[in-house]
Structures are given as C-alpha cells and as structure tokens.
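> give the three-dimensional model of this entry:
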Amino acid sequence: MLQPWNVLLREKVNETNFIFAKYQNHNFKDQWNCICSSMDWLDVGMANIDKALEELNNAIGLETCMKFYQYICCIDIVWESIYQLHRVFFNPKTIPFKNQSNIFQRKIFDKDDNDYFKEIRACFGAHAVNLNSKQEFGMKFASWSTHDGTPQEMSVLIYSNIPDSGFEKVTVTVNELKTFYETRCQYIKQIIDAIDNISLAYKEEMKNSAIPKSNDLIEQIAILKNASQQRFGGGILVEELEQIECFLKTHFNCEKNKRALEVFRQKITLGITEIYDCLQSMNVDCNLEIEKLLLPKHMPHENNFAYEFANLYSKAILKLWKTYDTNSIKRPLEKYVCFEYKTEEELYWLTVIGLNMAQENFKEENIQNNIDVDSVLDLIDSISRTKDYL
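Sure, this is the predicted structure:
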C-alpha cells in the first residue's frame with residue numbers, strides 16, 4: 001500500500017513558517033499559491049483514485065469509457081501537481097522522469113512515458129475527437145474505448161481524416177497506469193527531502209542576517225515586525241509586539257501607579273530584547289516570558305472575571321465593539337493598582353499590571369476555583385475569529 005504522500009507533504013510544508021516566508025514572494029512571484037494549489041489537487045486525485053478504479057471494475061458498456069477516463073484523470077491531476085511542486089522546489093526548466101521509457105510497452109508513438117501518458121489521456125477522452133497530429137499525417141480521431149472481457153486492458157482505435165489511411169490501435173493496461181502513478185507519487189519523497197534542505201538553508205541564511213537594533217523602542221518594534229514578516233511571513237510574535245506598542249503609547253494619569261508602571265516598563269523592555277533574540281536565532285518554539293507578562297496565567301475566579309477581561313481585551317486591543325463590567329474587572333485588583341484612568345487602553349494595562357502583581361496570591365487560591373490563561377485565550381480566540389468574518 002502506498003504511503004499517504006500527500007499527507008506527509010502537507011505536514012512537511014506546514015512544519016514551520018519557513019516555506020511560506022520564502023515562497024510568498026520568490027523571484028518576484030507568489031509561489032506559495034502554487035504550492036497550496038498543488039497540495040490541494042494532490043488530495044483530490046489521491047482521494048478519488050481508488051474509487052475511480054473500483055467504479056471502472058464495476059462498469060459495463062459505454063460506462064466503461066467514462067470510468068476509464070476518470071481513472072486516467074485522477075492520475076493526471078496527481079502528476080501535474082507533482083510536476084508543479086518540482087518546478088518550485090527543484091528547477092522550473094526540468095521535468096522529472098524525462099526521457100524514461102520503461103512503463104508503457106505497446107507504444108504507437110515515439111515518446112517517453114511522460115508524453116505517452118498525455119497521449120493516452122488525449123486518446124481516451126481528453127481530446128478524443130480532435131487529436132492534433134503532425135500536418136503530414138492529418139487530423140486524428142478516436143473511437144470509443146473498449147476492453148476484451150476485463151477493464152484491466154483498454155483499447156481505442158485512432159482514425160485519420162486522410163482517405164484510405166486505415167487506423168491505429170492504442171492499448172494500455174491498468175497495471176501500466178498504476179506503475180506510472182506510483183512512481184510519480186514516490187517522487188514526493190524527494191520533494192519532502194528537498195523541503196527539509198531548503199528550510200535548513202533558509203533558517204541559516206536568516207540567522208546570519210542581523211536584524212537592526214534601535215534605542216527607540218517604538219522604532220525597534222517596527223523593525224521586529226518587519227523581521228517577522230521577512231523571516232516567517234508575518235504572524236510570529238507580531239501580536240505580542242503590537243500589544244507592547246499599545247502599552248508604550250498609552251498615557252497613564254495616576255501618579256500612584258508610577259512605581260508599578262516603571263517596573264512593568266522595564267519588563268516590557270526586556271521582552272522586546274527577548275523577541276529580538278528569538279527572531280534573530282530563528283527559534284520561536286519556546287515559552288517566552290513576555291507572553292506570560294502580557295497575559296498572566298493566574299486570574300481571579302470571582303465576578304466572571306475571565307469573561308469580562310476577554311471583552312476588555314477585545315475592546316481596547318482588537319478595537320471591537322464589546323461591553324464589559326468595569327467593577328468585575330477592578331474589584332479583585334484594587335489593592336494592587338489604583339484604577340484612575342481616562343481611556344480603555346489605560347484600564348486594560350492597569351488590569352494587566354495588577355494581574356502580574358497578584359500572581360502569587362491567585363496561584364495560592366483553591367485550584368478548583370482558579371481560572372488560568374487558557375480560558376481567557378479561548379474566549380479571545382473565539383472573539384478574534386468573529387472579527388475575521390466581519
């Protein structure tokens with residue numbers, strides 16, 4: 001049984017963000033779209049080929065012609081997808097298996113297996129009534145396809161528009177087509193190996209390219225967002241950077257929070273350095289302290305805090321229209337920060353600062369009554385998904 005090469009391929013392509021980052025604009029072309037299209041149609045062809053063969057085996061009469069052509073089409077879809085992936089990951093000017101001619105045994109055209117398969121596809125349905133040939137041999141037309149007792153071997157007669165020229169017979173077996181299909185599917189293993197090599201080389205290239213540094217924190221954030229786009233195609237740590245930027249641009253009015261704000265700002269500054277190091281080293285598969293700082297793990301249980309906090313996040317950070325109960329947010333944290341504020345952004349960051357200060361106390365609460373960050377993340381994620389469809 002063939003390995004699920006289409007599944008293995010998709011897993012490999014999505015294993016990191018490197019392939020997306022490299023090919024979304026490669027040689028001034030969006031080759032990522034080609035990769036996605038090829039993977040999608042690989043799934044289509046491979047998902048239907050067994051059913052197509054089963055329907056061929058159970059077909060009778062002229063139904064056999066259509067089912068045989070359907071089987072050929074599944075193979076053609078897979079082969080074309082693999083060829084496109086070869087052009088992206090290997091060389092756009094070469095063709096896999098070119099000049100190999102060991103699969104189809106009864107050829108009436110002097111072509112390699114790749115081209116002969118296309119002739120089979122044309123004769124058995126794709127261009128059956130309009131087979132273009134060399135001019136001196138005239139136009140060609142195919143009869144319906146037939147089999148001798150079993151659909152495992154199919155034939156079609158090829159006629160010419162030249163009077164008294166007779167006909168030729170194209171015969172092909174299912175086993176030959178299976179061999180053609182399986183050898184092309186196994187080529188996906190080479191594509192997967194190539195992706196590994198490409199990802200490794202890309203990672204090293206980016207690691208050796210220094211991200212600029214700036215003493216201006218806002219400017220550094222812009223640099224890091226651009227680096228995320230260049231190295232990972234965007235998305236990686238961008239949300240964290242945008243939250244940090246929001247904090248840095250928020251004006252705080254209450255002098256009573258001055259010390260707490262200074263401590264939090266120092267930690268934010270260290271977080272920017274942490275993000276810089278992750279992007280520079282091309283290593284983002286780790287738990288960052290800045291993530292814990294921006295969304296503390298332990299939260300109070302009372303007053304439906306997690307739900308109200310998620311709505312505040314949506315309003316202040318995502319800029320969605322959401323309502324929340326201010327008292328439910330402030331009450332558990334009033335002994336940590338002074339809630340004197342003028343904007344929702346200020347309220348939000350005072351809440352985050354208060355949560356950070358209260359972590360040890362909330363951690364000691366009864367674990368059954370404790371809501372951790374995952375609950376809030378689930379709420380925020382559901383709200384963010386809703387935003388995507390607005």
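
> how about the contacts made by the closest residue to residue 160 other than its chain neighbours?
With sequence-adjacent residues excluded and distances taken as C-beta to C-beta, 6 or more residues apart in numbering, residue 160 is closest to residue 138, at 4.8 Å. Using the backbone N, CA and C atoms, a C-beta is placed for each residue, glycine as well. Residues touching residue 138, when contacts are defined by C-beta atoms under 8 Å, 6 or more residues apart in numbering, comprise 160-162, 165.

> contacts for stretch 172-190, please.
Here stretch 172-190 has contacts from 2, 5-6, 8-9, 42, 46, 49, 53, 56, 71-72, 75, 78-79, 82, 85-86, 96-97, 103-106, 113, 117, 120, 124, 151-155, using C-beta under 8 Å, 6+ apart.

> same check, this time on stretch 198-217
Outside of stretch 198-217, the residues within contact range by C-beta under 8 Å, 6+ apart are 15-16, 18-19, 21-22, 89, 220, 223-224, 227, 230-231, 244, 248, 269, 272, 276, 279-282.

> count the neighbours of residue 44 for me.
Residue crowding around residue 44 was assessed by other C-beta atoms under 10 Å; the count is 14.

> secondary structure element holding it?
Under the assignment given by DSSP states H and E, the secondary-structure element containing residue 44 is helix 31-58.

> thinking again about what came up before, weed out the non-buried ones from the contacts of residue 138.
Neighbour-count burial within the contacts of residue 138 applies to residue 160; the criterion is 16 or more other C-beta atoms under 10 Å.

> before we move on, back to that, filter the contacts of stretch 198-217 down to the ones in helices?
Of the positions in those, 18-19, 21-22, 89, 220, 223-224, 227, 230-231, 244, 248, 269, 272, 276, 279-281 sit in helices, assigned by DSSP state H.

> restricted to buried residues, select those residues in PyMOL.
Buried members of the ones in helices among the contacts of stretch 198-217 can be picked out in PyMOL with the line below, counting by 16+ other C-beta under 10 Å:
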select buried, resi 18+19+21+22+89+220+223+224+227+231+244+272+276+279+280
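
> quick one on the thing from earlier: now the helix holding residue 44: buried residues?
Under the neighbour-count rule (16+ other C-beta under 10 Å), helix 31-58 has 31-32, 34-35, 38-39, 41-43, 45-46, 48-49, 52-53, 55-56 buried.

> also stretch 162-177?
For stretch 162-177, a neighbour-count test (16+ other C-beta under 10 Å) marks 170-174, 176-177 as buried.

> run through the strands of the stretch 1-150 of the chain in chain order.
Assigned strands in the stretch 1-150 of the chain, in chain order: 140-142, 146-147 (criterion: DSSP state E, counting those that start in this stretch).

> and the first one, what does it pack onto?
Think strand 140-142. Judged by 3 or more C-beta pairs under 8 Å, 6 or more residues apart in numbering; DSSP states H and E, the packing partners of strand 140-142 are strand 153-160.

> so where is the protein shaky, pLDDT-wise?
The chain contains residues with pLDDT under 70 at 1-3, 132-137, 303, 365-390.

> look up how far residue 138 lies from the residue of it positioned farthest from its centre.
Ranking residues of the chain by C-alpha distance from their mean position (C-alpha atoms, centre = their mean) puts residue 164 at the top, at 57.0 Å. Computed as C-beta to C-beta, to the nearest Å, the residue 164 to residue 138 distance reads 12 Å.

> single out the most deeply packed of the strands of the stretch 1-150 of the chain.
Neighbour counts averaged per stretch over these are highest for strand 140-142, at a mean of 20; criterion: mean count of other C-beta atoms under 10 Å.

> just to revisit the earlier point, overlap in contacts, residue 164 and residue 138.
Any residue near both residue 164 and residue 138 by C-beta under 8 Å, 6+ apart counts here, and not one turns up.

> what's the separation between residue 94 and residue 38?
16 Å.

> repeat that for residue 256.
Summarising the geometry, the distance separating residue 256 from residue 38, computed by C-beta to C-beta, is 60 Å.

> all helices of the stretch 51-200 of the chain, in order?
63-89, 113-121, 174-186, 188-207 (DSSP state H, counting those that start in this stretch).

> save these as JSON lines, and put in distance to residue 310 too.
Conversion of the helices of the stretch 51-200 of the chain to JSON lines gives the following (distance: least, C-beta to C-beta, whole Å):
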{"stretch": "helix 63-89", "distance to residue 310": "41"}
{"stretch": "helix 113-121", "distance to residue 310": "55"}
{"stretch": "helix 174-186", "distance to residue 310": "46"}
{"stretch": "helix 188-207", "distance to residue 310": "35"}
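
> residue 296: which of the ones you listed is closest?
helix 188-207 (31.5 Å; C-beta to C-beta).

> next, the angle from that closest one to helix 63-89.
With axes from the mean of the first three to the mean of the last three C-alpha atoms, to 10 degrees defining the directions, helix 188-207 sits at 30 degrees from helix 63-89.

> give me the buried positions along helix 188-207.
188, 191-192, 194-195, 198-199, 202-203, 206.

> now the two most distant members of the buried residues of stretch 162-177.
Maximum pairwise distance in the buried residues of stretch 162-177, criterion C-beta to C-beta, is 14.5 Å, between 170 and 174.

> that older thread, which one of the helices of the stretch 51-200 of the chain lies closest to residue 252?
For the helices of the stretch 51-200 of the chain, the distance to residue 252 is smallest for helix 188-207, at 37.0 Å, taking C-beta to C-beta.

> can I get the closest one as CSV, trimmed to CA atoms?
Output in CSV follows, covering the C-alpha atoms of helix 188-207 (Å, rounded to 0.1, in the frame of the first residue of the first chain):
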residue,chain,number,x,y,z
ILE,A,188,7.1,13.2,-3.4
LYS,A,189,9.7,11.7,-1.0
GLN,A,190,12.4,13.6,-2.9
ILE,A,191,10.3,16.8,-2.7
ILE,A,192,9.9,16.3,1.0
ASP,A,193,13.7,15.9,1.4
ALA,A,194,14.2,19.0,-0.7
ILE,A,195,11.9,21.0,1.6
ASP,A,196,14.0,19.9,4.6
ASN,A,197,17.1,21.1,2.9
ILE,A,198,15.5,24.3,1.8
SER,A,199,14.2,25.0,5.3
LEU,A,200,17.5,24.4,6.9
ALA,A,201,19.4,26.6,4.4
TYR,A,202,16.7,29.4,4.8
LYS,A,203,17.0,29.2,8.5
GLU,A,204,20.8,29.5,8.4
GLU,A,205,20.6,32.4,5.9
MET,A,206,18.2,34.3,8.2
LYS,A,207,20.3,33.6,11.3
